[in-house]
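Student: Build me a model from this:
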Amino acid sequence: MQLSNRVLNRTLLARQHLLERSTLTTAEMCDHLVGLQAQDVPPPFIGLWSRITDFDAATVSNGLDDRSLVRITLMRGTIHLVTPPDALRIAPHIQPELEKVPFRQGFNYGAMVGLDPGEVRAHGEAALGDEPKSAADLRAEAALRYPDRDAGAVLQTWLYQLPVLQTPPRGRWGDNSRPVWSRVQPWLGAPLDPTYPVSELILRYLRAFGPATTMDMQAWSRLPAMKKAVADLGDRVRTYTDARGRTLYDAADLDLADPDLPAPVRLLGWYDNALLSHQDRARITGDDNPPTLRAFATNVSPILLDGFTAGVYKIFVKSGTARLRISPARPWTKTEATQVESEASALLAFLEADSVPVVEILEPGADLRP
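Tutor: Predicted structure coming up:
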């Protein structure tokens, strides 16, 4: 069965809870999505607000404090907000790939070439110890242990080599302070679980992002052997094809979404997983020439209209005023502009409740900078 791009779009949005906000808890949503991209502090809050009815930001802050949520380096080598069970069972799959990075010639201009990886790792374990450490303290330790090397590169190597997570206060609502790092086991009081099958991880990916090709799975996870993982799932997956004849895999017990379902306006956070988790992003960008990922850096975020990216926005806060500036990718109808303005106003009320809100819809393609 061949699937149209619109079927893939509506199915993705339905599984991402972007067609209709959900009553799942914050932890349940994190589990369903296999984590939320959290390299910066605001995006997971925006992502959860866009997906959960009456989302309360305190649930993230409280979860980080009581350790029922954690910020940890996982898929694509980036920080994700996940529950402790996922931290413990996904990290063993990710770590081997991360540990290969620092001793390559291209890493920090070869800063670590010539050093023994085992020795570097042992020094990192000693430096981190069992208590959270700030990046500044760890950098100082790196300078003492390797005075002839770049301390920042040594620190970055330790953060690749060792299963680590970011502890509060960074990640709480409104707290963008510098990272404080801890080894996973001391913080969560449990060892990593290497028995979790990668095939189960991929099945969960399909439940949140499918149907998908093996290249999509690899783009999301940066793990090898996706074809084997799919084969291990046996009849728990079914196959389709897309318009280009590529094989799409999906969880066998899930239905596809109706392509005619209405899709409400959604303002995502920068680097939202819905945008990042496929090698071919046409199902959400709507064309074969999607904007580069760099277009969504520096707090620039996508706007979905009729389910597809149709513009970007950025928030500027100054002197008690929060300005949400919007640059459409194409001319919008009056109805579309009204719908975007309504959702943007609601997002501003959530993010900047103490500021005077201003929503500005600019000309198509306009520079977001004031």
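Student: where along the stretch 151-300 of the chain do the helices fall?
Tutor: 151-161, 184-188, 198-209, 214-221, 226-233, 273-276, 282-285 (DSSP state H, counting those that start in this stretch).
Student: The ones you listed: which one's closest to residue 263?
Tutor: helix 282-285 (10.6 Å; CB to CB). C-betas here are computed from N, CA, C, even on glycine.
Student: and the protein, what are its domains?
Tutor: Using automatic domain parsing, the domain parsing of the chain gives 1-285, 291-361.
Student: returning to what we had before: possible to save the helices of the stretch 151-300 of the chain as JSON lines with distance to residue 338?
Tutor: Below are these laid out as JSON lines (distance: least, CB to CB, whole Å):
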{"stretch": "helix 151-161", "distance to residue 338": "46"}
{"stretch": "helix 184-188", "distance to residue 338": "47"}
{"stretch": "helix 198-209", "distance to residue 338": "31"}
{"stretch": "helix 214-221", "distance to residue 338": "34"}
{"stretch": "helix 226-233", "distance to residue 338": "43"}
{"stretch": "helix 273-276", "distance to residue 338": "24"}
{"stretch": "helix 282-285", "distance to residue 338": "23"}
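Student: and the gap between residue 6 and residue 243?
Tutor: 11 Å (CB to CB, to the nearest Å).
Student: Compare these two (neighbour count), which wins?
Tutor: Between residue 6 and residue 243, counting by other CB atoms under 10 Å, residue 6 is the more crowded of the two (19 against 11).
Student: so what's that one up against?
Tutor: 259, 307 (CB atoms under 8 Å, 6 or more residues apart in numbering).
Student: Could you look up the SS state of it?
Tutor: helix (DSSP: H, G, I helix; E, B strand; the rest coil).
Student: Please report phi then psi for the residue nearest to the spatial centre of the chain.
Tutor: For the chain, the residue nearest the mean C-alpha position is residue 37 (1.9 Å; CA atoms, centre = their mean). Backbone torsions of residue 37, given as degrees, to the nearest 10, read phi -50, psi 130.
Student: just checking, residue 87 touches residue 184?
Tutor: Yes. If you go by CB atoms under 8 Å, residue 87 and residue 184 touch, sitting 6.3 Å apart.
Student: joint contacts of the two?
Tutor: 72, 165.
Student: The two - which one has more neighbours?
Tutor: Per other CB under 10 Å, whichever of residue 87 and residue 184 has more neighbours is residue 87, with 25 against 22.
Student: Residue 345 falls within a helix, correct?
Tutor: Yes. Assessed by three-state DSSP, residue 345 belongs to a helix.
Student: wouldn't it be in contact with residue 359 here?
Tutor: Yes. Contact criterion CB under 8 Å: residue 345 and residue 359 qualify, at 5.6 Å.
Student: Can you pick out the residue with more neighbours from the two?
Tutor: The neighbour count for residue 345 versus residue 359, taken as other CB under 10 Å, is higher for residue 359 (18 against 14).
Student: can you tell me which residues contact the more buried one?
Tutor: Per CB under 8 Å, 6+ apart, neighbours of residue 359: 323, 324, 326, 341, 344, 345, 348.
Student: can we see that at 7 Å?
Tutor: Residue 359 makes contacts with 324, 341, 344, 345, 348, as judged by CB atoms under 7 Å, 6 or more residues apart in numbering.
Student: repeat for residue 103
Tutor: 112, 113, 117.
Student: hmm, try it at 6 Å
Tutor: 112, 117 (CB atoms under 6 Å, 6 or more residues apart in numbering).
Student: Show the backbone phi and psi for it.
Tutor: phi -100, psi 10.
Student: my read: the residue nearest to the centre of the chain touches residue 268, true?
Tutor: No. Residue 37 lies out of contact with residue 268 (CB atoms under 6 Å); the separation is 10.0 Å.
Student: For the protein, which residues score under the pLDDT cut-off?
Tutor: Applying pLDDT under 70 to the chain flags residues 288-297.
Student: All good on my end, thank you.
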